[in-house]
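Trainee: the sequence and its predicted three-dimensional model are supplied below.
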Amino acid sequence: MAETAVQEKEPIIQFGKKERKLLTDPLNDNNPITVQVLGICSALAVTSLVYPSLVMAIAVTLVTAFSNLFTSMIRNYIPKQVRMIVQLVIIAALVTVVELILKYYNYPIYKQLSVYIGLIITNCIVMGRLEAFAMANKPWRSFLDGLGNGLGYGAILVIVGIIREIFGKGTLFAGSPIELKIIGPNAEYLVNTTESVLFGWYSNNNLMVLPAAAMFIIGILIWIQRSYNTKLVDVS
Amino acid sequence: MNTRYVIGFVFILTASVAVILTGLRQATEEQAAINEEIFNKRAILSALNDYLGEGVTVKSLSDQEVLAKFESMERLVLDMEGNIVEKDADDIDMAKERKKPEAERQLPLYVYEYNGEKFYIISVRGNGLWDEIWGNIALKSDLNTIAGAAFDHKGETPGLGAEIKDNPSFPNAFKGKMIYDDGTYVSVVVRKGGAKNPEHEIDAISGATVTSDGVTEMLYRGIQYYEPYFDKIRQSNGTQGLLINK
């Protein structure tokens, strides 16, 4: 009863300091990939091109946001003994929805991401947020928390994707309608390596196409982030 | 929280999720099937990239234009003896055919006409390093010269085996290669260490020997499956005496 009384006092949707912190925290101070080191598997696997990374980022953001929202809405009715199964049902349902939508609107990208869309179910970020946040907070805040964490994950994915695609393939957004050619041996490229004095030596780096490159890049990103955000450095 | 509540809760949750997902699937199924069909047809057309029209590539074709191209093609299905089966080539799934015993397989063959010349598009399927690889080869009307090729794979290594699809210079290298050497069937060989015979060989992908050998093997077997039918065409044409030389 006490809870319904509180809900009547404050509006369900509000956007104050706390809410903003829920959105911005996962982008930097509490980033799921660089700080919590979750969701690394898909970050290594799908980031060889920017376009699939972007689609994956959007998919994961939708799943974390809405699974947080729905779980939070029914959190008081979920029996404690089966709460993980219930969370998994919600996540799996949302992932299937994302899969069906992709198949409907963009079949080639669905083919390209193949199993990794289905594997969002096993992404630790999603389940982690449900357990840590949505089970103990109200729907609106849970939704924002999910959104923030999805965006934090997505931001790293896209950054890694941009670096890998430029140096590995010489393109940006390959496979999408706005494909850009950045560095390569033809006049159609932004930097024409056959004519450029500065970049004549460059040929595509095959390591960048392999998942190992993503690990190095994420490692370097963590290093950069911690060197300016010193409170993240583990002093112990 | 007694057991009855737990069971009831889980039952209602899963039932409602099942209903929602079934409904959504029903609503999207039809469009998804069309999308898949167009995706596969674009893959077949990409073997013909040079012969789609002035300045037209597979990428620039709209979905309707892709379907229209296939409407205008002869879509044959062959059995292993080279007889035409009463079926539409669109209905043949190469992955399923490959699981059948060799003698029972059926083969799709698309016959495409451009500027009065006929092109025969055949489908081949084989093994790469990790999983299956497949491709479509367009042969010119002499049934000897390759007009274009396109490959795809299920799980080859990015940057190595996956180059058969990702690097356009690999399929492009097949253009103009001959599958016959003085009337003897030789197929096209993907040669490690560089092509020696410019008519029948192309360079392998460095670091992807198993995938390259897989392509060689796939082509040798796959094109041969179509030979009984091609022999019939040659016999009916009478002039191109490849069979006689054999």
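Mentor: Perfect, thanks for sending it.

Trainee: please count neighbours and contacts with C-alpha atoms only from this point.
Mentor: Fine.

Trainee: residues touching stretch A:201-215, excluding its own?
Mentor: Residues from elsewhere that reach stretch A:201-215 (C-alpha atoms under 8 Å, 6 or more residues apart in numbering or on different chains): A:43-45, A:47-48, A:160, A:164-165, A:167-170, A:184, A:193, B:158-159.

Trainee: likewise stretch A:76-84?
Mentor: With C-alpha under 8 Å, 6+ apart as the contact definition, stretch A:76-84 has outside contacts at A:86, B:1, B:5-6, B:9.

Trainee: what parts of chain B come near chain A?
Mentor: B:1, B:5-6, B:9-10, B:13-14, B:17, B:21, B:24-25, B:28-29, B:31-32, B:35-36, B:39, B:158-159 (C-alpha under 8 Å from any C-alpha of the partner chain).

Trainee: among the contacts of stretch A:201-215, name the ones in helices.
Mentor: Residues of those located in helices (DSSP state H): A:43-45, A:160, A:164-165, A:167-168.

Trainee: packing partners for the longest strand along chain B?
Mentor: Counting by DSSP state E, the longest strand found in chain B is strand B:117-127. If contacts are counted by 3 or more C-alpha pairs under 8 Å, 6 or more residues apart in numbering or on different chains; DSSP states H and E, strand B:117-127 sits against helix B:94-99, strand B:106-114, strand B:132-139, helix B:209-237.

Trainee: is it possible to get a markdown table of these that adds mean pLDDT and mean neighbour count?
Mentor: Output for the helices and strands packed on strand B:117-127, formatted as a markdown table (pLDDT from 0 to 100; neighbours: other C-alpha atoms under 10 Å in any protein chain shown):
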| stretch | mean pLDDT | mean neighbour count |
| --- | --- | --- |
| helix B:94-99 | 84 | 13 |
| strand B:106-114 | 87 | 21 |
| strand B:132-139 | 91 | 24 |
| helix B:209-237 | 87 | 19 |
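
Trainee: rebuild those as a markdown table, extending it with distance to A:Glu179.
Mentor: Listed next are the helices and strands packed on strand B:117-127 as a markdown table, based on distance: least, C-alpha to C-alpha, whole Å:
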| stretch | distance to A:Glu179 |
| --- | --- |
| helix B:94-99 | 32 |
| strand B:106-114 | 30 |
| strand B:132-139 | 25 |
| helix B:209-237 | 28 |
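
Trainee: got a list of what the residue in chain B that chain A sits nearest to touches?
Mentor: Closest to chain A within chain B is B:Ala32: 4.9 Å, counting by C-alpha to the nearest C-alpha. Residues counted as contacts of B:Ala32 (C-alpha under 8 Å, 6+ apart) are A:103-104, A:107.

Trainee: in chain A, which spans are strands?
Mentor: A:171-172, A:180-181, A:183-184, A:191-192.

Trainee: so what's the closest residue to chain B within chain A closest to, chain neighbours aside?
Mentor: At 4.9 Å from chain B, A:Tyr104 is the closest residue in chain A, using C-alpha to the nearest C-alpha. Excluding the flanking residues, the one nearest A:Tyr104 by C-alpha to C-alpha, 6 or more residues apart in numbering or on different chains is B:Ala32, at 4.9 Å.

Trainee: mind checking which helix or strand the one you found is in?
Mentor: If you go by DSSP states H and E, B:Ala32 is part of helix B:3-45.

Trainee: mean confidence for that helix?
Mentor: What helix B:3-45 shows for mean pLDDT is 91.

Trainee: and for residue 72, the neighbour number?
Mentor: By default, I'm working from chain A. A:Ser72: 24 surrounding residues under other C-alpha atoms under 10 Å in any protein chain shown.

Trainee: chain B is the one I meant
Mentor: Applying other C-alpha under 10 Å, we find 11 residues neighbouring B:Ser72.

Trainee: equivalent analysis for A:Ile85, please.
Mentor: Other residues lying near A:Ile85 total 11 when counted by other C-alpha under 10 Å.

Trainee: show me which of the residues of chain B next to chain A are buried.
Mentor: Neighbour counting by 16 or more other C-alpha atoms under 10 Å in any protein chain shown classes B:6, B:9-10, B:17, B:21, B:25, B:28, B:32, B:35-36, B:39, B:158-159 among the residues of chain B next to chain A as buried.

Trainee: farthest pair in those?
Mentor: Taking C-alpha to C-alpha, the two most distant members of those are B:Val6 and B:Gly159; they sit 50.5 Å apart.

Trainee: before we move on, the earlier item: using CSV, lay out the ones in helices among the contacts of stretch A:201-215 together with neighbour count, distance to chain B and pLDDT.
Mentor: Formatted as CSV, the ones in helices among the contacts of stretch A:201-215 follow (neighbours: other C-alpha atoms under 10 Å in any protein chain shown; distance: C-alpha to the nearest C-alpha, whole Å; pLDDT from 0 to 100):
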residue, neighbour count, distance to chain B, pLDDT
A:Ala43, 25, 15, 88
A:Leu44, 21, 12, 88
A:Ala45, 15, 10, 85
A:Val160, 26, 16, 94
A:Arg164, 28, 12, 93
A:Glu165, 24, 12, 91
A:Phe167, 21, 13, 90
A:Gly168, 23, 9, 87
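
Trainee: thanks a lot, see you next time.
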